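> Sequence below, structure please.
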Amino acid sequence: MVTRRKPGVVRDAITHYLGNIKGDASVDEIHVAVSAALAGEVARSSVRSYLNLNTPETFLRTAHGRYRLVRR
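Alright, predicted model coming up:
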């Protein structure tokens, strides 16, 4: 069961994960990390959607289904 969360919680978990790894990660890797960080299942579509909506401003698509945080 997917839990409703406060706005920004999934965003923060995604950016925190990508900010702490070297290189890029697949959508599946990001999804697993976000679910673990939030101690509960997060919809894979929520992760994928957030990544797609914030590319290229926040995330860089390095390959099909792979992203990294844009370093400023």
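> Sketch out the strands for this protein, chain order is fine.
If DSSP state E is used as the criterion, the strands of the chain fall at 25-26, 59-63, 66-69.
> winner for burial among those?
strand 66-69 (a mean of 19; mean count of other C-beta atoms under 10 Å). The way it works is simple: take the backbone N, C-alpha and C, and place the C-beta from them, glycine included.
> re the thing from before, TSV please, covering the strands of the chain and showing mean pLDDT.
What follows is the strands of the chain, written out as TSV (pLDDT from 0 to 100):
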stretch	mean pLDDT
strand 25-26	97
strand 59-63	96
strand 66-69	96
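> Neighbours of Lys6, how many?
Neighbours of Lys6 under the rule other C-beta atoms under 10 Å: 7.
> same question but for Val70, I mixed them up
Val70 has 13 neighbouring residues, counting by other C-beta under 10 Å.
> Please give me every residue in contact with it.
For Val70, the contact set (C-beta atoms under 8 Å, 6 or more residues apart in numbering) comprises Pro56, Glu57, Thr58, Phe59, Leu60.
> Next one: the closest residue in space to the first one that isn't next to it in sequence relative to Gly40, how far apart?
Of all residues not flanking Pro56 in the chain, Val70 sits nearest, at 7.0 Å (C-beta to C-beta, 6 or more residues apart in numbering). With the distance defined as C-beta to C-beta, to the nearest Å, Val70 ends up 28 Å from Gly40.
> Low-confidence bits of this structure, can you list those?
Along the chain, the model assigns pLDDT under 70 to residues 1-5, 7.
> just so I have it, where are all the helices in it?
9-20, 27-37, 44-53 (DSSP state H).
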